[in-house]
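[1] what follows is a predicted protein model with its sequence.
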Amino acid sequence: MVDERVGAVQLLTPEGQRVSHPEYDINLSDAEFRGLYRDMVLVRRIDTEATALQRQGELGLWAPCLGQEAAQVGSARAMAPNDFAFPTFREHGVTWCRGVAPLDMLAMLRGVSNGGWDPNVHRCGPYSIVIGAQVLHGVGYAMGVQFDGAEDVAVTYFGDGAMAQGDVNEAFVFAASFSAPVVFFCQNNQWAISQPRDRQSNIQIYERAAGFGFPGVQVDGNDVLAVMAVTRVALDRARTGNGPTLIEAFTYRMGAHTTSDDPTRYRLAGELETWRLRDPIQRLQVYLSRQGIADRSYFDQIEQEGDELAERIRDDVRAMVPPTPESMFEHVYAEPHARMDEQRSEMLEYLSSFEDAAG
Amino acid sequence: MVDERVGAVQLLTPEGQRVSHPEYDINLSDAEFRGLYRDMVLVRRIDTEATALQRQGELGLWAPCLGQEAAQVGSARAMAPNDFAFPTFREHGVTWCRGVAPLDMLAMLRGVSNGGWDPNVHRCGPYSIVIGAQVLHGVGYAMGVQFDGAEDVAVTYFGDGAMAQGDVNEAFVFAASFSAPVVFFCQNNQWAISQPRDRQSNIQIYERAAGFGFPGVQVDGNDVLAVMAVTRVALDRARTGNGPTLIEAFTYRMGAHTTSDDPTRYRLAGELETWRLRDPIQRLQVYLSRQGIADRSYFDQIEQEGDELAERIRDDVRAMVPPTPESMFEHVYAEPHARMDEQRSEMLEYLSSFEDAAG
Amino acid sequence: MTTLNMVKAINAGLRKAMERDPKVILFGEDIGRLGGVFRVTDGLQKDFGEHRVLDAPLAESGIVGTAVGLAMRGYRPVLEIQFDGFVYPGFDQIVSQVAKFHRRMDGALAMPITIRIPYGGGIGAVEHHSESPEAYFAHTAGLRVLTPADPQAAYLTIQQAIACNDPVIYFEPKRRYWDKGEVDESQLALDLKAVADPWRARIVRSGTDVTVACYGPMVRTCLEAAQASTDVSLEVVDLQSLSPIDYETLGSSVERTSRLVVVHEAPMSGGIGAEIAARIGEKYFYALEAPVTRITGFDVPYPASRIEEYFLPDLDRVIDAAERVMRF
Amino acid sequence: MTTLNMVKAINAGLRKAMERDPKVILFGEDIGRLGGVFRVTDGLQKDFGEHRVLDAPLAESGIVGTAVGLAMRGYRPVLEIQFDGFVYPGFDQIVSQVAKFHRRMDGALAMPITIRIPYGGGIGAVEHHSESPEAYFAHTAGLRVLTPADPQAAYLTIQQAIACNDPVIYFEPKRRYWDKGEVDESQLALDLKAVADPWRARIVRSGTDVTVACYGPMVRTCLEAAQASTDVSLEVVDLQSLSPIDYETLGSSVERTSRLVVVHEAPMSGGIGAEIAARIGEKYFYALEAPVTRITGFDVPYPASRIEEYFLPDLDRVIDAAERVMRF
Ligand SMILES: Cc1ncc(C[n+]2csc(CCOP(=O)(O)OP(=O)(O)O)c2C)c(N)n1
Ligand SMILES: Cc1ncc(C[n+]2csc(CCOP(=O)(O)OP(=O)(O)O)c2C)c(N)n1
Ligand SMILES: [Mg+2]
Ligand SMILES: [Mg+2]
């Protein structure tokens, strides 16, 4: 599987060695380097905590992003504040970078909302569940940017499995046709639940782009620097009116598909071992240490920040109370609607009949 | 537009000159050469007659294949008897080659059936209307061939416009994933109703294939020899277990989209003139004459056969009576169904109330 | 007052909506230079430019899905689906995204998308060009469904649909496209809400014996039936909005007549008539003197066009039903 | 007799169907090595091979569309849609191709395709995983719609659906997947038609005062309500087939009780209950002593799971309705 990545852009080896690439490079301040490390550690901490909370029954489900932190943080940190992200349900690293509060990330999975945050505030759509649907939304948004004469870019996230969906391929068609300012960011984590990547495509994912008339590039998705560099170029391309790019971030889903899944039914333990050696956080840590950009005390400090964050989440999650029953009639329509009023009244009347009985 | 075809496989120039191609060639007997000529002339005759019949009110609609005869006949004549064609509503050349009676081709457009022939007899599906849908059917059929261990091939027809549809792209995914014995035959006739090809794709259509992991080839769609040669290779590839091929037949819709359409609203007359010089029938005629494979008397004989065929169609079309009203309840279900019986009775009872009144 | 057919009336309505709000954009197949296969958008690209009237690639899910993104960006997309039978590739985006996005976001985003769909039969068309899929959308929470019956209504309601902050599936009765009627273009100069409420049903002909509820293409049929019905007096109610349905207006008519016939082209089982029969049957249990009767298409795929007249409700079937409920 | 839960019962039924007919193949996402996210196809790929149990690429339209081609080649595809909310990308192929192909071909080709869809709520799932879209399919001519209520019914009807030459949308009540019941596996050894007719409703509990029509996940709920209802005697009818609906069995029950409550999870407007209310209201106009009453989900998108209990009909709401119709 390592062989497959030949050609993937890499700026930091799994061993934490900085390497150069003929086309892509990145220059960051020490603070920015540390920021990426912090993001990835905290995202992993949120992710692990959420997985634990699900086991304790506090969440209905969780889709871990374990192992994909570099792909998510690297791409999202490349975005400008006004760019707009269209994530799937696994993009906790993306929502984190867009400033979504960790508790809000849990809202959908705790079953207290189907959304969780205001997309306009964070310039980040909701966790999208129907595979591929949000990719078209991103393209449409980008078309709007274009009509506005603005310079924002839409970044749409999806997985290797999504490459099979009609919607994703139509998104490619529309984006190419309108030369829309959109970046297609595909995290090839090698699995779509139990189906290995080659069920959806017998060639490399990034190669799909050329046939639609725009460039595709494969990047080592566990290398946060390379991901950031490649995404920056794609964003720039889009921003300057040169249309879409497909980025394939070659990475690995280290956890289960969701907390309901049992990956031992379909994949070998050895695979996980191989990928552990390419851990995205570890390699940045080694690099930062070697370069003297950060030291143990910094790492410890982040560790502690993570502990505190996790504790806050644990404490606060129980306080996330369900909405009122009658809230289900709110926001179904933006304008007055007779049937909503009618059914809300019926529900409230029915519910109050119990109170009467009890009282 | 001629430039765009650079690279398209050609074996017969618009001037009727036989040229060679490094990869593709074709050797036909004189009878076969004449057969292709006859097919194209008769298909054009049926097409022209049907267009006339629509004007006279005998058909509700007609979608002319004028100009696309070489693409359709060349590809369909390359098929083996057991191969299965999945045409769209414009493939009269294909249905002709599959042995569908001309009157049956008119059934749907006369409004007496939604089909017109038995797909199993002709190994040819119905005229498919929902853009792209039949392409998936072809892939599924080909998967079945594969499971059977048989050597048939499915040939799916569609237009340049269809390249945008999710279904067509999913068909590419499934075909590649299962390495199904299917040929994707796209007639790029430059227009999807009023939308020029570049609305759907900013690069050449055949290039789409590579990104899905199988070969694409562009052929001069007005060159019946090249189309046949290229299709044969693709069929052979599929038959020997090497999976799908996308063929782009570069051609031109010389008529209106359908008899309801007014192409003068969206395209320039000059375009048509250019394409008249590339007429698929004329160039084969010149070639046959020059090679002494056929002479004026043969051409006259085919002309006359066409006249007779047209006359038969004209005579017989009026005899194509509508089905009985109650036939709409037949074949909705293959097995007994209470609601059908009930509604059929209601209809018949209602209709008979008029007879009573009249009698 | 101008005399316009429905195609021209909708065209005029679209033009007004585009003049009123620069965020209104039209998107669909062949709607630009061609003006749509029915010419509903004729001339609009020329006058408003290629960025307001966009020809879309041939992919309905793509059209609806990108419209969601456009709405997120603050646009007000008006989509054209070329024919009823071609809306299904976009069904997923409509029911799972367009219909639910506002609710999903707890109100933070609206989906002011109008999806125009020419629908219904009676024009001698081939398969997929004569369907009446309105029940699918009326059963989908989060959508509104409108259908005009005449040029004046079309001119008004298309503008109201576009101005509405909710997604509206706008069904245009294609067999009535060329019917002419008076249109008062001045009516809407200022306030879209001040004129007739689009979500209300309209009593288009008063009568005393039987209420006939209908919509879209069947309104003219039912008006003709009412005209022709000598023995029974029909009150014709044009529902206009299929979601929500205005049971107040319909109910008050039924209260007067005590009898209801519902007419639509769509197959009977699970059609709009079922919901109406259920609701009216429940609410007016004692007031009804005969069961609610449905005159509809049959539960079969739309038939070949040469026999469509037997599938479609016509004047005779409506009168027959009215007489039956009177005799009940 | 074996005790099986519904997952295992369907698994056993699939196995029988595959043993009986080599043309039966299973096709869907994650159904092979994983055995499906609910393990319904567990072990079948291992036993029947990769050409009988196929993992599909992640594309529902592709799954349904290729199944049409497989059926044309003589196969009998049994498809799995992973969750209710993911059937919509395949909606076009289902309504325009699967449902209409046999009629389009004047009977020359059949479409013996079974589409299995786990449906309904009550399992605390996220959006798109708790929907009840059965009305869309019941309104679609050319399709049949079945839904089992218990392991025995599931074991039988999944085999009958597969053996049927018509396309069957087979809705599996996912919240009842783990309910156990007695299954007589011997029953079907020979003739699928000799055992219970899948298109008939079943009176699963006799009663005298009110008929309660329900199906799928709500059968258990209604049985519990009948059990708990002390004042009113409920007769519970499991419809089992939602298209066609067996009005004979249901009607004869209503004739006895004179009162009908219909229960389903799907939103009320345009749901299965609407059609039943319309039909029963028409046919038993004088026999009914109270209006047909519907206890259903509300006309809103399925809510966040922590409040789903307020959306879903439960024992109390059923009893409340029964008491109301008795008081009427
Ligand atoms: C249309 C649709 N079909 C099926 C599903 C069920 N499902 C959820 S995630 C998933 C696999 C997605 O794989 P991929 O795109 O690679 O993303 P990943 O889960 O690996 O992040 C499937 C099949 C869905 N959510 N939407
Ligand atoms: C799903 C769908 N959407 C829209 C249409 C209406 N329509 C019929 S033909 C056509 C254009 C097809 O273009 P192309 O694929 O290039 O085929 P051609 O007509 O040129 O043969 C359109 C939009 C349709 N039949 N199906
Ligand atoms: Mg994946
Ligand atoms: Mg074309």
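    Everything's here; your move. Ligands and ions are numbered 1, 2, ... in the order given.
[2] contacting residues around residue 253?
    Because you didn't say which chain, this covers chain A. With contact taken as CB atoms under 8 Å, 6 or more residues apart in numbering or on different chains, residue A:253 is in contact with A:64, A:66-68, A:189-191. C-beta here means a position set from N, CA and C on the backbone, and glycine is covered the same way.
[3] please go with chain C instead
    Counted by CB under 8 Å, 6+ apart, residue C:253 has contacts C:203, C:211, C:235, C:237.
[4] bridge partners for the nearest residue to the first one once chain neighbours are set aside, pull those for me.
    It stands for residue C:203. Sequence neighbours aside, residue C:237 is the residue nearest to residue C:203 in space, at 5.6 Å (criterion: CB to CB, 6 or more residues apart in numbering or on different chains). Note on residue C:237: beta-bridge partners residue C:203, residue C:213, judged by DSSP bridges.
[5] surely residue C:237 and residue C:251 touch.
    No. Under the criterion of CB atoms under 8 Å, residue C:237 makes no contact with residue C:251, lying 10.1 Å away.
[6] more neighbours: these two, which one.
    Just comparing residue C:237 and residue C:251: by other CB atoms under 10 Å in any protein chain shown the higher neighbour count belongs to residue C:237, 27 against 18.
[7] and the more buried one, what pLDDT?
    pLDDT, residue C:237: 98.
[8] ditto for residue C:195
    Reported pLDDT for residue C:195: 81.
[9] pretty sure it sits against residue C:156.
    Yes. Counting by CB under 8 Å, residue C:195 does reach residue C:156; the two are 6.0 Å apart.
[10] ok and the residue in the stretch 1-150 of chain A nearest chain D?
    Using CB to the nearest CB, residue A:111 is the residue of the stretch 1-150 of chain A that sits closest to chain D, at 3.4 Å.
[11] can you count the residues close to that residue?
    Quick note: residue A:111 (other CB under 10 Å) scores 24 neighbours.
[12] over to residue A:272?
    Counted with other CB under 10 Å, residue A:272 comes out at 15.
[13] name the element it belongs to?
    Taking DSSP states H and E as the criterion, the element that holds residue A:272 is helix A:269-276.
[14] give me the buried positions along the helix or strand that that helix is followed by.
    As assigned by DSSP H and E, the chain's next helix or strand after helix A:269-276 is helix A:280-291. Buried residues in helix A:280-291, counted by 16 or more other CB atoms under 10 Å in any protein chain shown: A:280-288.
[15] mind putting these in TSV, distance to chain D included?
    Shown next, in TSV, are the buried residues of helix A:280-291 (distance: CB to the nearest CB, whole Å):
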residue	distance to chain D
A:280	25
A:281	28
A:282	30
A:283	30
A:284	32
A:285	34
A:286	36
A:287	36
A:288	37
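[16] helices of the stretch 51-200 of chain A, start to end?
    Along the stretch 51-200 of chain A, the segments classed as helices by DSSP state H, counting those that start in this stretch run A:69-78, A:92-97, A:102-110, A:119-122, A:133-148, A:166-178.
[17] of these, which is nearest ligand 3?
    helix A:69-78 (11.2 Å; CB to the ion).
[18] quick check: which helices or strands does that closest one pack against?
    Contacts defined by 3 or more CB pairs under 8 Å, 6 or more residues apart in numbering or on different chains; DSSP states H and E place helix A:69-78 against helix A:30-55, helix A:92-97, strand A:154-159, strand A:182-188, helix A:224-239, strand A:245-250, helix A:280-291.
[19] which helices and strands sit right next to the longest one?
    So the one you mean is helix A:30-55. Using 3+ CB pairs under 8 Å, 6+ apart: helix A:30-55 touches helix A:69-78, helix A:92-97, helix A:102-110, helix A:224-239, helix A:280-291, helix A:296-317.
[20] other SSEs contacting the fifth one?
    Counting by 3+ CB pairs under 8 Å, 6+ apart, the packing neighbours recorded for helix A:280-291 are helix A:30-55, helix A:69-78, helix A:224-239, helix A:296-317.
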